[in-house]
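**Q** 3D model of this:
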Amino acid sequence: MDEGLVSSSQSLTSLKKGSLIFYRIGRLIRTLSDLRPVQTWYLLWYRLANKFSKTIDRNQSPKTKHTNSINWSSEKRKPSLILDEHHTFPQIANYSFLGKGRFDFLKISHNFKHTNHIDWNYSGHGKLWTYNLNYFEFLRQKDITLEDGIELIEDWINKSHKLKDAWEPYPTSVRIVHWLCFYAEARLEVPAHVYHSLYHQYKNLSKKIEYHLQANHLLENAIALTLGSYFFNETKMWKKATHLLKTELKKQYRPEGAHYELSTMYHIILLWRQLDLYAFIVAENTRMPEQNSLVIELKSAISNQLRWLDYITDSAGQYPHFNDSTYGIAPMTHDIFSYATTLKINWERADLNNNGRFKVQTSAGSYIATLNECSFAYIHRIWNNSNLYIDVGSIEPKHQPGHAHADNLNFCLFNNGKRIIVDPGISTYEVGTRRTRERSTYMHNTVSVDGQNSSEIWSSFRCGKKAKTKVIECSEAKIIAQHNGYKHLHRRSFSIKNESLTITDKYPGSADLCIHFHPRIEPLVVNEKVYLDTFELSFDKAEPLRIEEYDYALGYNKCTPAKKVVITFTDSITTNIRGV
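**A** Coordinates of the predicted model:
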């Protein structure tokens, strides 16, 4: 485990061996202190269950009387909303199945030579790669043939008794949805042996719901179990699954519609899965208890999430990569909006909402939206169709901060659909130097003090002490916020006037201001001013600025060199950004 750049209070490299041990113990306590009781209970229970409990009999048959509870080849059961001749499910972002045993996940290709030679346990490229192999998301590719899809499913079933990671709850949840979508779109009856395999996966999932992890994992479990219980016509599990789904939808989404892990990438992935579930349960006549109430609640939740996505997405379909987010994983935003439109789910633009939780003030063709819940603040169309995104969120959720970064008061700037000032994004989930660096404060557009992180990130998904951001002022043309991640408060203000953006940072002592540029931009420094495309950056301090190189993530396992400006300042610094 890389220990660099993880302390929010003291550099680990300066600690002696004894002190380092005590620090690590304290960090672990700080990390565990925010866990919910249910997480602690299930962490202990699953460790015991994995060791002592018997697995579900793989030959167990569904108790339903029907060979197949939904026959997609039947004209009476053909869903009318999503399976007409003009519509297909949204396509995945990348083509990951390349033909007979060849796959490309996370920018890493592997050739198993032939379908029947696929090692579904293959771990040579890391666990996330193995997960992706077992998601079966490639069944949603536009160019995959029916024969290839069936052959891949058959091969997985034949080898399923030897698989390991594939049976973990998260890949199981994702795979159940994709298998059912594949047969539904193909308008094929699910064969008996596939039906029995799905049932076994569904029953195993029901015994390993990820209460210990919570967050997007638990919501994925709830979606898969709701769809599974609907497909297998199991009323008891339907009631349990829908209760869990409704509960998590209320817990995991903020009033303005943003998912509480504050990663737009995961927001889109979860939204996609909810659209799939909605498409299934509204396609048939009511046959489950309270099905209509679930449809109403799910539609409302989806509409709210679409409103947020519409709000955070620019005219080119782009969004800032705050927290864990990168290219090529989530579907394109226009595919999500198209899918929702096909399902007749409507949403109003966020700038029409003035209910006190999602405030909007308009002036001279521009608007500022601020969120009382402190997800993000986003200023749209400052000048020349420029979008400014400001992250005024804290580390959230406290009980599961695995996808959070030490980036309090981070910001991004887009112009005419082009990224200018960017969040570097992520390229790995593997424990190590790169993952630690990509979550660090120094890799975001904010202020770093003595190489420390504003929050105590460590390992791959851990966080001990968590910085809290507080919004001090929010008016039509000004936002002031501060966080407590260092010895003293870091306060930052954003103000807009006369087509100019002014950012003022205050910290009592010495600190580094970092601003990262998109790889296509080559900053030009003239008399301590930085010129990039149609923008000019100037600073009110005499300290010399320096241009450094960093790795910009183009997706998992793929980075490209880019430039950033770093200025060491004392007490305060003002940055002026204006169009030229």
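**Q** buried stuff in the helix or strand encompassing residue 470?
**A** Per DSSP states H and E: residue 470 is located in strand 469-475. Applying a neighbour-count criterion of 16 or more other CB atoms under 10 Å, one finds 469, 474 buried in strand 469-475. Using the backbone N, CA and C atoms, a C-beta is placed for each residue, glycine as well.
**Q** and stretch 141-154, by the same measure?
**A** For stretch 141-154, by 16+ other CB under 10 Å, it's 141, 144, 148-150, 152-154.
**Q** now these in a markdown table, with secondary structure?
**A** A markdown table is the format used below for the buried residues of stretch 141-154 (DSSP: H, G, I helix; E, B strand; the rest coil):
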| residue | secondary structure |
| --- | --- |
| 141 | coil |
| 144 | coil |
| 148 | helix |
| 149 | helix |
| 150 | helix |
| 152 | helix |
| 153 | helix |
| 154 | helix |
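**Q** so what's the gap between the strand holding residue 470 and the chain middle?
**A** How far strand 469-475 lies from its chain's middle: 25 Å, per CA atoms, centre = their mean, to the nearest Å.
**Q** what pairs with that strand, parallel or antiparallel?
**A** Using DSSP bridges, the strands paired with strand 469-475 are strand 478-483 (antiparallel).
**Q** which stretches in the stretch 351-500 of the chain count as helices?
**A** 433-438 (DSSP state H, counting those that start in this stretch).
**Q** burial count for residue 161?
**A** Close neighbours of residue 161, defined as other CB atoms under 10 Å, add up to 7.
**Q** wasn't it part of a strand?
**A** No - per three-state DSSP, residue 161 lies outside any strand segment and is helix.
**Q** mind starting the numbering at 678 from now?
**A** Got it, the first residue is 678 from now on, which makes the last one we talked about residue 838.
**Q** now it: how far from residue 1212?
**A** 59 Å (CB to CB, to the nearest Å).
**Q** could you do residue 1115 as well?
**A** From residue 1115 to residue 1212 the distance is 25 Å (CB to CB).
**Q** how about residue 697?
**A** 44 Å.
**Q** and the two? Which one has more around it.
**A** residue 1212 (21 against 14).
**Q** does the more buried one touch residue 1255 like I think?
**A** Yes - applying CB atoms under 8 Å, one finds residue 1212 in contact with residue 1255, separated by 7.0 Å.
**Q** run through the helices of the protein in chain order.
**A** Secondary structure of the chain (DSSP state H): helices at 694-709, 714-729, 804-812, 823-836, 846-863, 869-884, 892-908, 912-929, 941-959, 968-989, 1010-1019, 1110-1115.
**Q** which intervals of this structure have sub-threshold pLDDT?
**A** Applying pLDDT under 70 to the chain flags the ranges 678-695, 727-771, 960-963, 1026-1055, 1057-1058, 1153, 1219.
**Q** ok, now with 80
**A** For the chain, the stretches flagged by pLDDT under 80 are 678-695, 726-771, 960-964, 1025-1061, 1151-1153, 1218-1220.
**Q** and the longest strand seen in the chain, what's buried?
**A** Secondary structure assigned by DSSP state E gives strand 1235-1256 as the longest strand of the chain. Buried residues in strand 1235-1256, counted by 16+ other CB under 10 Å: 1235-1236, 1239-1244, 1246, 1250, 1252, 1254-1255.
**Q** mind putting those into a markdown table with distance to residue 725?
**A** Formatted as a markdown table, these follow (distance: CB to CB, whole Å):
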| residue | distance to residue 725 |
| --- | --- |
| 1235 | 40 |
| 1236 | 41 |
| 1239 | 48 |
| 1240 | 52 |
| 1241 | 48 |
| 1242 | 53 |
| 1243 | 50 |
| 1244 | 53 |
| 1246 | 53 |
| 1250 | 54 |
| 1252 | 54 |
| 1254 | 56 |
| 1255 | 61 |
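**Q** closest to residue 969 out of the residues you listed?
**A** Nearest to residue 969 among the buried residues of strand 1235-1256, counting by CB to CB, is residue 1235 at 45.8 Å.
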